[in-house]
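Visitor: I would like the atomic coordinates for the input below:
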Amino acid sequence: MRGSGVRTAAYRGKKSLPLPLSEGGRGRGLHTYERRGFMATPHHPPPLTPARNGRGKALIPTLAGIMALLAATLPVLAVPVNWDLQINPPPIIADSTRPRACTIAWLVDDIATNDVFAVRMQITPAEDATPVGDRIPCPANVPPRLAARALDVCTARAGDPRRCVFADMGRGFEREPDVRNSAENAARCASDKFTHIGLACWKAGALEVCDVGCGRSAADAQAEARSRCAEKQQKICNIAGSLPILAP
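Guide: Residues are numbered from 1 along each chain as shown. Predicted structure coming up:
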């Protein structure tokens with residue numbers, strides 16, 4: 001399947017809990033400038049020439065004189081201006097009839113802290129992709145580089161990147177806690193076949209050993225994860241959680 005890009009999102013959570021996965025400005029103030037008078041220059045002739053009596057005295061004061069008098073007698077006020085007009089962009093309305101693009105969700109685990117990271121990757125469909133129902137099919141083969149990017153979400157956040165593994169762990173993982181003893185292809189679920197990804201674990205001392213399941217509901221995903229964990233680990237896996245594959 002040809003795709004033009006991949007979008008990645010991550011959520012961090014604890015295995016012991018269900019896995020969930022106007023801007024305005026304020027002005028600095030209105031600056032008021034005070035004008036004390038108007039001086040006549042060759043480039044700025046007097047704006048008004050008042051009428052004069054026989055003795056050469058002005059009959060009325062000039063406009064410049066009135067403005068200077070007002071400027072000298074009235075206080076100058078700097079009034080703060082609130083530029084927050086509460087103008088918010090309209091909400092984006094998604095086309096509910098448009099098929100959802102393929103999303104693959106991985107669960108990766110920092111076994112030093114027992115933190116689980118849910119990583120979603122949305123694959124851009126090819127132009128000739130035909131939807132099945134309301135969803136675009138996912139590729140049959142997931143490129144290894146996508147799995148490596150999913151694990152990178154954990155290694156970028158972990159105190160010790162070597163303690164990051166895929167959350168579907170092999171039998172005896174408590175004795176060999178290593179990424180090579182975890183299964184990448186079993187730690188992911190695709191949105192064209194399932195709606196939820198689940199996790200179930202048992203506690204080996206301070207370490208939680210887990211396996212992953214996919215389902216068409218939250219309950220189904222958890223039940224599948226519990227069943228897989230019990231079969232592989234031969235333990236009762238009573239630490240469980242799930243989350244949707246598609247982003248909300």
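Visitor: I'd like to know how many residues surround residue 193.
Guide: Residues within reach of residue 193, counting by other Cβ atoms under 10 Å, total 14. For every residue, glycine as well, the C-beta is placed using N, CA and C.
Visitor: right, and the helix or strand after the helix or strand bottoming out on mean pLDDT in the chain?
Guide: Least confident helix or strand of the chain, by mean pLDDT, DSSP states H and E, is helix 63-73 with a mean of 51. The C-terminal neighbour of helix 63-73 among helices and strands, as given by DSSP states H and E, is strand 102-110.
Visitor: Who are the packing partners of the helix or strand just after that following strand?
Guide: Next in sequence after strand 102-110, counting helices and strands by DSSP H and E, comes strand 115-123. When contacts are defined as 3 or more Cβ pairs under 8 Å, 6 or more residues apart in numbering; DSSP states H and E, strand 115-123 packs onto strand 6-14, strand 102-110, helix 144-155.
Visitor: Output strand 115-123 as PDB, nothing but the C-alphas.
Guide: Taking C-alpha atoms only, strand 115-123 is exported to PDB below (Å, rounded to 0.1, in the frame of the first residue of the first chain):
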ATOM      1  CA  ASP A 115       5.100   2.900  32.500                       C
ATOM      2  CA  VAL A 116       3.300   2.000  29.300                       C
ATOM      3  CA  PHE A 117       3.300   4.300  26.300                       C
ATOM      4  CA  ALA A 118       0.500   4.000  23.700                       C
ATOM      5  CA  VAL A 119       1.700   5.100  20.300                       C
ATOM      6  CA  ARG A 120      -0.700   5.800  17.500                       C
ATOM      7  CA  MET A 121       0.500   6.100  13.900                       C
ATOM      8  CA  GLN A 122      -1.900   7.300  11.200                       C
ATOM      9  CA  ILE A 123      -0.900   6.100   7.700                       C
END
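Visitor: Mind listing residues that contact the top helix by length along the chain?
Guide: Using DSSP state H, we find that the single longest helix of the chain is helix 218-233. With contacts defined as Cβ atoms under 8 Å, 6 or more residues apart in numbering, helix 218-233 is touched by 168-171, 173, 186, 189, 194, 196-202, 209-215, 235-238, 240-244.
Visitor: pLDDT averaged over that helix - what is it?
Guide: Confidence for helix 218-233, expressed as mean pLDDT, is 97.
Visitor: Same question for stretch 188-196.
Guide: Throughout stretch 188-196, pLDDT has a mean value of 95.
Visitor: Format the CA atom coordinates belonging to that stretch as CSV.
Guide: Only the C-alpha atoms of stretch 188-196 are listed here, as CSV (Å, rounded to 0.1, in the frame of the first residue of the first chain):
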residue,chain,number,x,y,z
ARG,A,188,0.1,-3.6,18.0
CYS,A,189,-3.5,-3.4,16.7
ALA,A,190,-4.9,-1.9,13.5
SER,A,191,-8.0,0.2,13.2
ASP,A,192,-9.4,-1.5,10.1
LYS,A,193,-10.1,-4.7,12.1
PHE,A,194,-10.4,-3.6,15.7
THR,A,195,-11.5,-0.6,17.8
HIS,A,196,-9.5,-1.1,21.0
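Visitor: buried subset of the contacts of helix 218-233?
Guide: Among these, those buried by neighbour count (16 or more other Cβ atoms under 10 Å) are 168-170, 173, 186, 189, 194, 196-202, 209-215, 235, 237, 240-244.
Visitor: one step back: if you average pLDDT over each of the helices and strands packed on strand 115-123, which is lowest?
Guide: Mean pLDDT across those is lowest at strand 6-14; the value there is a mean of 60.
Visitor: Check which residues of the longest helix of the chain are buried.
Guide: If you call a residue buried by 16+ other Cβ under 10 Å, then helix 218-233 has these buried ones: 218, 220-226, 228-230, 232-233.
Visitor: Name the next helix or strand following that helix along the chain.
Guide: Downstream of helix 218-233 (by DSSP H and E), the next one is strand 239-244.
Visitor: Just the C-alpha atoms of that next one, please, in CSV.
Guide: Included here for strand 239-244 are C-alpha records, laid out as CSV according to Å, rounded to 0.1, in the frame of the first residue of the first chain:
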residue,chain,number,x,y,z
ILE,A,239,-3.6,-6.0,36.0
ALA,A,240,-5.5,-4.8,32.9
GLY,A,241,-6.5,-1.8,30.8
SER,A,242,-7.5,-0.7,27.3
LEU,A,243,-7.9,2.3,25.1
PRO,A,244,-9.3,3.2,21.6
